[in-house]
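# have a look; sequence and predicted model below, questions after that.
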Amino acid sequence: MKTSKADEYFSMFIRLRDSDENGYCTCITCGAIRFWKNLDCGHWIKRQHMGTRFNEKNSAAQCKNCNAFEQGRSAEHEKYIIEKYGQQTRDLLKSGERSFTKYSAIELKLLAKEYKLKAEQLLKEKGL
């Protein structure tokens, strides 16, 4: 199994987690406000680093411009992480960038299932 379903549901969960009761999110790097479906799940440590790919503290709602066209605005994203979670979390995430992690097909399937359930719960709670 590829990571696609796990990524899809993880992204959905992060954007819903970061949305208000009406489904709107504020981009953590530029402040743009968009409906959750119109934002990306931005990763401070890029997704290619599997050790932090599915870490909820490494991810936040970002507008497509910041995430895709401005390479995630890493400095602003890092500042957000420090302010929200603290320097220790930032340091742990940074150390995870260099860790070797490989998910089995079963692990990816379980991650997809977990984040699908979490996203569905948020959709229900927020009435979206």
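Sure thing, it's come through. All of these numbers come straight from a predicted model, not from anything done at the bench. Numbers count the residues shown, from 1 in each chain.

# can you tell me the element Ile14 falls in?
When elements are assigned from DSSP states H and E, Ile14 belongs to helix 4-17.

# what is the rounded mean pLDDT of that helix?
When pLDDT is averaged over helix 4-17, the result is 97.

# now do stretch 74-91
97.

# thinking again about what came up before, how about the helix holding Ile14: buried residues?
By neighbour count with 16 or more other C-beta atoms under 10 Å, helix 4-17 contains the buried residues Lys5, Ala6, Asp7, Tyr9, Phe10, Ser11, Met12, Phe13, Ile14, Arg15, Leu16, Arg17. For glycine as for every other residue, the C-beta is placed from the backbone atoms N, C-alpha and C.

# now what about that helix, what contacts it?
Helix 4-17 is contacted from outside by 23, 25, 36-37, 39-41, 47, 53-54, 56, 59-61, 103, 108-109, 111-112, 114-116, 118-119, 122-123, 126, 128, using C-beta atoms under 8 Å, 6 or more residues apart in numbering.

# helix or strand right after that helix?
Using DSSP H and E, the helix or strand that follows helix 4-17 in sequence is strand 24-26.

# tell me which residues of the helix or strand that that following strand is followed by are tucked away?
Under the assignment DSSP H and E, the closest C-terminal helix or strand after strand 24-26 is strand 33-35. By neighbour count, with 16+ other C-beta under 10 Å as the criterion, the buried positions of strand 33-35 are Arg34.

# which residues does strand 33-35 contact?
Among residues not part of strand 33-35, those counted as contacts by C-beta under 8 Å, 6+ apart are Gly23, Tyr24, Cys25, Thr26, Cys27, Cys63.
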